[in-house]
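Chemist: Fold the following and give me the result.
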Amino acid sequence: PQPALTTDDHTWLTQRAAELVDTFMTTRFPLGEGLIHADAHTENLVHDHGHWLLIDWDGTCLGPRELDLLTGIPDHFHEPARLREQFLTGYGYNILDWPEWTLLRDITELHALGAYIRLAPSKPAAAAELARRIRSLRAGDRSVRWHAIP
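Modeler: Alright, predicted model coming up:
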């Protein structure tokens with residue numbers, strides 16, 4: 001099978017990840033650190049006896065609480081902005097008001113490539129989506145719509 005990444009893309013991703021880690025290590029997070037879900041979005045909510053419960057705790061870890069506020073930010077899937085606003089309003093903190101929120105956005109974007117890197121050698125649709133996502137990130141084009149590949 002063909003490698004998931006070109007040599008150039010591998011080099012770019014490695015360098016970009018190192019830059020983000022360096023910045024992360026010196027960043028102060030306004031909400032502090034604690035238990036985070038790491039995949040908080042509406043598809044991981046269920047309604048039970050008048051309360052909303054968060055499910056799918058596979059990615060739970062300790063880290064900056066702001067990570068759970070990145071739901072739909074950046075919006076590569078072009079979800080309605082009102083849903084993001086409702087989520088942030090319900091949480092009581094708008095991460096977009098924090099000037100350094102883009103660091104977590106950029107880390108989240110790179111993290112989202114992992115599954116596609118694993119699938120690309122054996123799944124042409126994943127390889128095409130991976131290439132498109134990397135092109136959009138390298139170009140800084142956040143208008144590109146990303147697609148989930150089952």
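Chemist: So, low pLDDT: which residues of the protein?
Modeler: 72, 74, 77 (pLDDT under 70).
Chemist: For it, just list every one of the strands.
Modeler: 33-36, 45-48, 51-54, 61-64 (DSSP state E).
Chemist: okay, the ones you listed in CSV with mean neighbour count next?
Modeler: C-beta here means a position set from N, CA and C on the backbone, and glycine is covered the same way. As requested, the strands of the chain are exported to CSV (neighbours: other CB atoms under 10 Å):
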stretch, mean neighbour count
strand 33-36, 13
strand 45-48, 10
strand 51-54, 10
strand 61-64, 13
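Chemist: Ok, which of those strands comes nearest residue 122?
Modeler: Closest to residue 122 of the strands of the chain, according to CB to CB: strand 61-64, at 28.6 Å.
Chemist: residue closest to the middle of this protein?
Modeler: residue 108 (3.0 Å; CA atoms, centre = their mean).
Chemist: show me what contacts that residue?
Modeler: Residues in contact with residue 108, defined by CB atoms under 8 Å, 6 or more residues apart in numbering, are 67, 70.
Chemist: if I look at it, how far off is residue 69?
Modeler: Per CB to CB, to the nearest Å, residue 108 is found 11 Å from residue 69.
Chemist: likewise residue 135?
Modeler: Residue 135 is 27 Å from residue 69, by CB to CB.
Chemist: Which one's more surrounded, those two?
Modeler: The neighbour count for residue 135 versus residue 69, taken as other CB atoms under 10 Å, is higher for residue 69 (23 against 12).
Chemist: The residue nearest to that one when sequence neighbours are not counted and residue 66, how far apart?
Modeler: Using CB to CB, 6 or more residues apart in numbering and skipping residues adjacent in sequence, the residue nearest residue 69 is residue 95, 4.1 Å away. The gap separating residue 95 from residue 66 is 6 Å, by CB to CB.
Chemist: Look up phi and psi at the residue lying farthest from the centre of the chain.
Modeler: Distance from the centre of the chain peaks at residue 49, with 30.6 Å (CA atoms, centre = their mean). Residue 49 has phi and psi values of phi 50, psi 50 when expressed as degrees, to the nearest 10.
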